[in-house]
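Undergrad: quick one, structure for this:
(2 chains)
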Amino acid sequence: MLSKIWAITWKEIYTTYTDRNLLLIMLLTPLALATIIGAAFSGFINTSNDVPVSDIPVAVVNLDQGTNANGTTVNNGDTFVSLLVPKDGKPDPSNELQTLTSAVQVADAATARAAVDQGTYAAAIIIPADFSAKLTYSQTHSIEPVAVEVYASAASPISASIVRTITGEIVNQIATGNITVEATIEALIDRAKSDPAFGLAFAAQGTNFNPDFAPAFTPGNNPVSINQQTVTGQAATFSPLVVFGSAQAVFFMLFTAMGGATSLLEERRDGTLQRLIVSPTPRIVILLGKLLGTLVNCVVQVTVLVIALTIVGSILGGKIQFIWGSYIGYIALVILAVSIAASGLATLVASLIRTPEQGNLIGGVISLVMGVFGGAFFNTSIFPSFLKAISNLTVTYWGTDAFTKLAQNQTDIGTNLAVLFVMGIVLFVVGLTIFNRRLSV
Amino acid sequence: MQDTLVQVTGLTKEFKRTTGEKFYAVENVNLDIKRGEIFSLLGPNGAGKTTTISMISGLLAPTSGDATIGGHSITKQPLEAKKLLGVVPQEIALYPTLTARQNLEFFGKMYGLGGAELAQRIDETLDFIDLKDRQHDKVESFSGGMKRRVNIGIGLMHHPQLIYMDEPTVGVDPQNRRRVLDTVLRMRQERGMSVLYTSHLMEEVQEISDRVAIIDHGEVIASGTVGELIQKVGEEDRLIFSVGDQTVSDAVLDKFKQITGVTSAVYSQKQVGNGDSADNNTGNGAPVDGLVTVFAKRGRKALPDIIRVANEAGLDILSVEVREPDLEAVFLHLTGRALRD
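TA: Predicted coordinates:
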């Protein structure tokens, strides 16, 4: 049976890739559109295709009330502010976070949020009152999860994403610093207990004992802290070509999937499906072969577009660069996931329609709607919430979002993959069941 | 005595109209086809031939009844039964962007052929359909006759015991039609295949068939050898009078029946072309040609009396044709309608 499935699959692939007109629609059109739209949005031609990311306007609100640790009042919120907000308004050149952002301290959260809404800031970081209390580490208190609010502007999704990353890493750094300080003090006390001479010498220092714990809170000095190269680096290589290129690839792949699935109806019209059915081949084998062919065509199409857009990006950027990020395995998974989702959707559509003409019309409309709401023509981050809800129902959105995250070297695409795989498998099974039933009349 | 290859028992197919009303496309059909015989299903368009065959070939599930091919039930052991069956559909069912060889290769694989055996069968089939020199050309570049030969070749390639050909000469020019009929005869002679042939063309069925079943309104109304069927209308000649747009009353037909030697008389109309005239039509805008068919022993002797009665009734006879007994006459005798109506 496997050889029959493969024979049908191979026939699908062969007929697709020997059709010049189809190739034009599948590959050249999305490539051209992605390049034009990407160029229009980034203005990279003759310069660079990087998004200019620096001086991201950020408001920092410190509501931290501090805490008492070992008899000393500690305010980690102040530490947070000092890391991000330049003293006297002058950024410290050695602190890349201060050059990446243009942070100012704002007194209250409402003012900061309003300023974000008005577009003054890309994001507001609001440090809660219990920030220090939760991050304190001692023999009697472990570090607790703390919620720092990042209130971001929908109009600046990339900047907001960077601010969220920075915030998370600074919080981690402060927690790490607190552990480092406590561990150091406990080590000194233990040594004083076991070495009376050292204890006496240590006590003699008195107020002169003033160790420099600042490096423990400085991101660049700690191997477990945020990787600043990553934060700034990923922003520097992020390209609109990725957003629009992936969206166009998924958008046109939906057409390919719809065409592949509705070709079942064309085969029925042309009599070749009946010819297959009267051969000693189970119906399910015929359907699986056809749909596997569609799936393979989708995978090949997106893969070719990813490679082609990389070449376009490199040519326009004037240097060789892989614009999709460094996680090749994840990229392959996303390509597979979007292809399965698109094939599943197309299978369901094909199972519900009666003629190839209906399939072309309805499939085209569905692909177009998914393209519009999924980000093939607009950045979905500018959508109001009700449109975002629609966007979340599209294969295009989840696929494009996953590609965009990977291009920023973010690997939190589990939800995207889960949604796409589940969507694809469920729609595929439902469509296959309906189609099989219709063929058995 | 020949073995039975195909046994059809009580085959019935019920469909539902868009109005929700149910109707039988095929009802309680019983047939048997012997090994090595050419068996034809003859009937007008819409009689139920293709529905019957679609059930025998596993394309449609019967509402009730069953068919066996080589002892394998098409409903219970469909894959086994289908291995013994080759199908040549009425329409050209090929992939136009594949070459002739690629089409044969693809469908050969669907019948479980592979490797050297597949290549050998393809070569053999290309020889049989006389297309070896065009095997690497895309089917879309072929003439209608060449496509039809590939269409037949696919049905033959896996050496089936039974080959079903659904009206294979529809829309085919006379030269290619002759070629198709010769191919059918060769399949039986050279390969000993049984052939299940459907057609609404009496002449070709009469020429090639060992046995014939006449089907009308989904039911088999007669079956047997051509000779046996013709016996049903006896030694009667058929006199066909063309009367144009004139209507012939039952009273006139009764007068014909009173003539010595005449056994029956039937009036029928058939549309001619797609004329726009509102006159002389059946109500849908197309002109009609009225035909009076009279069955008579020694027809030529009865002819003068028939013409006299027609003149007395004021009926203008435009042309007359006298035919010997044939399957067309059998169908008309059994149904009161012509095959082409």
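Undergrad: going forward, measure contacts and count neighbours with C-alpha atoms only.
TA: Will do.
Undergrad: kindly list the longest helix within the chain.
TA: If you meant another chain, say so; for now it's chain A. helix A:157-194 (DSSP state H).
Undergrad: please go with chain B instead
TA: Chain B, longest helix under DSSP H: helix B:174-191.
Undergrad: what residues sit buried inside that helix?
TA: For helix B:174-191, a neighbour-count test (16 or more other CA atoms under 10 Å in any protein chain shown) marks B:176-177, B:179-181, B:183-185, B:187-188 as buried.
Undergrad: redo those as TSV? Include pLDDT.
TA: Shown next, in TSV, are those (pLDDT from 0 to 100):
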residue	pLDDT
B:176	75
B:177	80
B:179	80
B:180	80
B:181	85
B:183	81
B:184	82
B:185	86
B:187	81
B:188	83
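Undergrad: compute the inter-axis angle for the next helix-or-strand element following the longest helix of chain B and helix B:174-191.
TA: Downstream of helix B:174-191, the next assigned helix or strand under DSSP states H and E is strand B:194-199. Going by axes from the mean of the first three to the mean of the last three CA atoms, to 10 degrees, strand B:194-199 is angled at 160 degrees with respect to helix B:174-191.
Undergrad: what strands line up against strand B:194-199, and which way round?
TA: Paired strands of strand B:194-199, with direction, are strand B:38-42 (parallel), strand B:162-166 (parallel) (DSSP bridges).
Undergrad: which of these sits most buried?
TA: strand B:38-42 (a mean of 27; mean count of other CA atoms under 10 Å in any protein chain shown).
Undergrad: ok so, going back, contacts for the longest helix of chain B, please.
TA: Outside of helix B:174-191, the residues within contact range by CA atoms under 8 Å, 6 or more residues apart in numbering or on different chains are B:36-38, B:145, B:149, B:168-169, B:193-195, B:204, B:208.
Undergrad: next: stretch A:55-69.
TA: Residues outside stretch A:55-69 that contact it (CA under 8 Å, 6+ apart) are A:73-78, A:81, A:85, A:98-109, A:112, A:120-133, A:136, A:138, A:159, A:163.
Undergrad: now restrict those residues to buried residues only.
TA: Buried members of those, counted by 16+ other CA under 10 Å: A:74-78, A:81, A:85, A:98-106, A:109, A:112, A:121-133, A:136, A:138, A:159, A:163.
Undergrad: near chain B, which of these show up?
TA: Near chain B, judged by CA under 8 Å from any CA of the partner chain, there are no entries from those.
Undergrad: taking the contacts of stretch A:55-69 one by one, which sit in strands?
TA: Counting by DSSP state E, the contacts of stretch A:55-69 place A:73-74, A:101-105, A:123-127 in strands.
Undergrad: residue A:435 contacts residue A:351, doesn't it?
TA: Yes. Assessed by CA atoms under 8 Å, residue A:435 is found in contact with residue A:351 at 4.8 Å.
Undergrad: quick one: which of the two has more around it?
TA: residue A:351 (25 against 22; other CA atoms under 10 Å in any protein chain shown).
Undergrad: mind listing what the more buried one touches?
TA: A:431-432, A:434-435.
Undergrad: now the buried members of the contacts of helix B:174-191.
TA: Listed as buried from the contacts of helix B:174-191 are B:36-38, B:145, B:149, B:168-169, B:193-195, B:208; burial here means 16+ other CA under 10 Å.
Undergrad: out of those residues, which is nearest to residue B:314?
TA: Closest approach between the buried ones among the contacts of helix B:174-191 and residue B:314, by CA to CA: residue B:169, at 41.4 Å.
Undergrad: give the contact list for that closest one.
TA: Residue B:169 neighbours (CA under 8 Å, 6+ apart): B:90, B:177, B:180.
Undergrad: same question for residue A:320.
TA: Residue A:320 neighbours (CA under 8 Å, 6+ apart): A:311, A:314.
Undergrad: same thing but 10 Å
TA: Going by CA atoms under 10 Å, 6 or more residues apart in numbering or on different chains, residue A:320 touches A:310-314.
Undergrad: sec struct for it, please.
TA: coil (DSSP: H, G, I helix; E, B strand; the rest coil).
Undergrad: do the same with the one 3 residues further on
TA: Three-state call for residue A:323 (three-state DSSP): coil.
Undergrad: and it, backbone torsions?
TA: phi -70, psi -10 (degrees, to the nearest 10).
Undergrad: ok, now how distant is it from residue A:264?
TA: Applying CA to CA, to the nearest Å, the value for residue A:323 to residue A:264 is 37 Å.
Undergrad: go on, residue A:18?
TA: According to CA to CA, residue A:18 and residue A:264 sit 18 Å apart.
Undergrad: what's the pLDDT at residue 92?
TA: Unless you meant another one, I'm taking chain A. Per-residue pLDDT puts residue A:92 at 78.
Undergrad: that was the other one, I meant chain B.
TA: On pLDDT, residue B:92 comes in at 90.
Undergrad: where does it land in three-state SS?
TA: Residue B:92 is classified as coil under three-state DSSP.
Undergrad: my guess is it meets residue B:152, correct?
TA: Yes. Applying CA atoms under 10 Å, one finds residue B:92 in contact with residue B:152, separated by 9.2 Å.
Undergrad: can you list residues touching both of the two?
TA: residue B:168.
Undergrad: what about those two, which has more around it?
TA: Counted by other CA under 10 Å, residue B:92 and residue B:152 do not tie: residue B:152 has more neighbours, with 27 against 19.
Undergrad: no further queries at this time; thank you.
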